[in-house]
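Q: Coordinates for the following, if possible.
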Amino acid sequence: MDGDRRGWRQCLLSGAVFAVCMVGTTLPTPLYGLYQEKFGFSELTVTVVFAVYAFGVIGALLLAGNVSDAVGRRPVLLTGLGFAAASAVCFLCAAGLGWLYAGRLLSGLSAGLFTGAATVYVIELAPHGGTSRATFVATAANMGGLGCGPLLAGVLAQYAVWPLYLPFAVHLAMVAASVAVLLWLPETVHGTRPLTAVRPQRPGVPSQVRAVFGPAAIASFVGFALFGVFTSVSPAFLARSLDVDNHAVSGLVVALAFFASTAGQLAVGRVGTRRSLPLGCAGLFAGLALLAGALRWDLLSLVVLSAIVGGCGQGLSFRGALSAVAGASPADRRAAVISTLFVVAYAGISVPVIGVGVLTGPIGLEGAGLVFIACMAVLVSIAVVYLRRRPVGARA
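A: The predicted structure is shown next:
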């Protein structure tokens, strides 16, 4: 009994460290408007600054996705916290656009290191037989941390002093506390190897997985693209088109999408893998339609509904995609295939978001958003049609 209690305490503490790291990745979201006023850059620059984060994540996944299996979980996570602290320092020292680029890149590297290593670490620290509950802790820490970032920054920027500095100072203190916690927690990898023995993990999709991987990748791409647009340009839309200049409200709207994604991921256990991917795609389509209505008629209620419905769809589809791809992959290639799926997903955060930024100049933010929605709706429709013909559950 005491061992179980100690195991769950360690599991929850590692989940808290995971959440702290993810908070930093979305912390700047409601502050981009203030940075625009301070440095005078365009909406395109906002989307590029945001997309730099995805490039950092993809780089870390490709180069160091399997490092924690060799050198241990704690060294990798401590390095990730170091990148998170360096990111906060960049934002605290920001005297020009270059500091924002550096801060976002470092934040992406921290998230890339944490995504796999922290998830496994949380599960490994749980007592025997607690894998299911530990998976919930990891999921809640990941998406909950992403949701708390814009909420924390929005509240502090709106109701406290130094809106461009205090959120990052608070996060830096949280990172310092997380380092202390991580140093207290035990290592779960035994028989570690030196870093020089590690080779970058090549992404790849074996031929027998491609039929499953196609719709799973499309759904992941669209879901992350929806999150990317929400977190990069929705604060500007709320301020310019809906006259919502309250940073706390902007942060809350973005946070709702991540919290809804957590709920969607948790629902997969009841819905089942076979149905979660097509249902998630339907939720993504509905979320895109609601977002189109919000842009067309300038309605805050539709923005909120889009965040909730689209977030649930993203959670259902992404966890369903992960389960389907993992189930269809041979054991010796599973990690490489899942890494490839994550690369596709994070490409969804960067490429469409930059496209929206490019189109904002000639056709406006609303027009660019509608073009984005149309393209994503076509992609997710293709995935739905394919899944109706060949359900993934039959092969996964």
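
Q: Show me where this structure dips below the pLDDT cut-off.
A: The chain contains residues with pLDDT under 70 at 1-3, 331-332, 335, 392-396.

Q: In it, where's the longest helix?
A: helix 334-389 (DSSP state H).

Q: what's the closest non-adjacent residue to Gly287?
A: Nearest non-adjacent residue to Gly287, counting by C-beta to C-beta, 6 or more residues apart in numbering: Gly310, 2.3 Å away. To be clear about C-beta, it is placed using only N, CA and C from the backbone, and glycine gets the same treatment.

Q: typo on my end, Gln314
A: Nearest to Gln314 is Gly223, by C-beta to C-beta, 6+ apart, at 3.6 Å.

Q: wait, doesn't the one you found sit right on Cys312?
A: No. Gly223 is beyond contact range of Cys312, at 10.5 Å (criterion: C-beta atoms under 8 Å).

Q: any shared contact partners between the two?
A: Gly280 (C-beta atoms under 8 Å, 6 or more residues apart in numbering).

Q: who has more neighbours, these two?
A: Neighbour totals were compared for Gly223 and Cys312, and Gly223 leads with 31 against 25 (other C-beta atoms under 10 Å).

Q: quick one, what contacts that one?
A: By C-beta under 8 Å, 6+ apart, the contact set of Gly223 is Gly280, Leu284, Gly310, Gly313, Gln314, Ser317, Phe318, Ala345, Gly348.

Q: what's the farthest-apart pair in those residues?
A: The largest separation in these, counting by C-beta to C-beta, is between Gly310 and Ala345 at 14.9 Å.

Q: rewinding a little: and the residue nearest to Gly287, how many neighbours does it have?
A: Neighbour tally, Gly310, other C-beta under 10 Å: 30.

Q: Contact partners for it?
A: Per C-beta under 8 Å, 6+ apart, neighbours of Gly310: Gly223, Leu226, Phe230, Ala257, Ala260, Gly283, Leu284, Ala286, Gly287, Leu288, Leu290, Leu291.

Q: now swap in Leu183 and tell me
A: Taking C-beta under 8 Å, 6+ apart, we find Leu183 in contact with Arg74, Leu78.

Q: again with Val155
A: Neighbours of Val155 in contact, by C-beta under 8 Å, 6+ apart: His247, Ala248, Gly251.

Q: buried set for the strand or helix carrying it?
A: In this structure, Val155 sits in helix 131-159 according to DSSP states H and E. Buried residues in helix 131-159, counting neighbours by 16 or more other C-beta atoms under 10 Å, are found at 134-158.

Q: For Val189, give me phi and psi.
A: phi -100, psi 130 (degrees, to the nearest 10).

Q: That one contacts Val76, correct?
A: No. Val189 lies out of contact with Val76 (C-beta under 8 Å); the separation is 9.7 Å.

Q: show me the contacts for the nearest residue to Pro203 once chain neighbours are set aside.
A: Excluding the flanking residues, the one nearest Pro203 by C-beta to C-beta, 6+ apart is Thr340, at 3.7 Å. By C-beta under 8 Å, 6+ apart, the contact list for Thr340 reads Pro203, Gly204, Val205, Phe213.

Q: returning to what we had before: list the residues that contact both of Val189 and Val76?
A: Ser68.

Q: Who has more neighbours out of those two?
A: Val76 (23 against 19).

Q: my guess is the more buried one meets Ser68, correct?
A: Yes. Val76 is within contact range of Ser68, at 4.1 Å (criterion: C-beta under 8 Å).

Q: shared neighbours of those two, anything?
A: With C-beta under 8 Å, 6+ apart, Val76 and Ser68 have common neighbours Ala117.

Q: Just give me the neighbour total for Ser68.
A: Per other C-beta under 10 Å, the neighbour tally for Ser68 reads 26.

Q: Number the residues from 581 up from this point.
A: Shifting the count to begin at 581 puts that one at Ser648.

Q: does it really touch Thr695, like I thought?
A: No. Counting by C-beta under 8 Å, Ser648 does not reach Thr695; the two are 10.8 Å apart.

Q: just how off-centre is the longest helix of the chain within its chain?
A: 15 Å (C-alpha atoms, centre = their mean, to the nearest Å).

Q: And Pro780, how close does it get to Ala866?
A: 39 Å (C-beta to C-beta, to the nearest Å).

Q: Looking at these two now, which is surrounded by more residues?
A: The neighbour comparison of Pro780 against Ala866 (other C-beta under 10 Å) goes to Ala866, with 16 against 12.
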